[in-house]
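Trainee: this one's sequence-less:
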């Protein structure tokens, strides 16, 4: 799984950060999403999927079945 966050679309609601703080954060100056982990471990993937679905701006997306970087 690979996660993408579109900062240009983000409304800075922070729902993703509340859902999966290991993967998402917010910029201090404007609250826009920052991606901490582009390829979350399996134990977080269900939470990430829910965060993507719950994003009010549609700024998050997931690409499934992506081979890990360097592999």
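Mentor: Cool, got the structure. On a predicted model such as this, the values are computed, not experimentally measured, just so you know.
Trainee: list the contacts for the residue nearest to residue 54 when sequence neighbours are not counted?
Mentor: Closest residue to residue 54 apart from its sequence neighbours, by Cβ to Cβ, 6 or more residues apart in numbering: residue 15 at 5.4 Å. Quick note: C-beta positions are derived from backbone N, CA and C, even for glycine. By Cβ atoms under 8 Å, 6 or more residues apart in numbering, the contact set of residue 15 is 51, 54-56.
Trainee: longest helix in this structure, please.
Mentor: helix 42-54 (DSSP state H).
Trainee: output the contacting helices and strands for the helix or strand just after that one.
Mentor: Once the chain leaves helix 42-54, the next helix or strand it forms, by DSSP states H and E, is strand 60-63. The helices and strands touching strand 60-63, judged by 3 or more Cβ pairs under 8 Å, 6 or more residues apart in numbering; DSSP states H and E, are strand 2-5, helix 42-54.
Trainee: contacts for the last one?
Mentor: Put plainly, it is helix 42-54. With contact meaning Cβ under 8 Å, 6+ apart, helix 42-54 is reached by 1, 3, 15-16, 19-20, 22-24, 37, 40, 60-62.
Trainee: the nearest residue to residue 10 once chain neighbours are set aside and residue 24, how far apart?
Mentor: Nearest non-adjacent residue to residue 10, counting by Cβ to Cβ, 6+ apart: residue 59, 4.2 Å away. Between residue 59 and residue 24 the computed distance is 10 Å (Cβ to Cβ, to the nearest Å).
Trainee: identify the contacts common to the two.
Mentor: 5, 33.
Trainee: please identify which of those two sits among more neighbours.
Mentor: residue 24 (24 against 20; other Cβ atoms under 10 Å).
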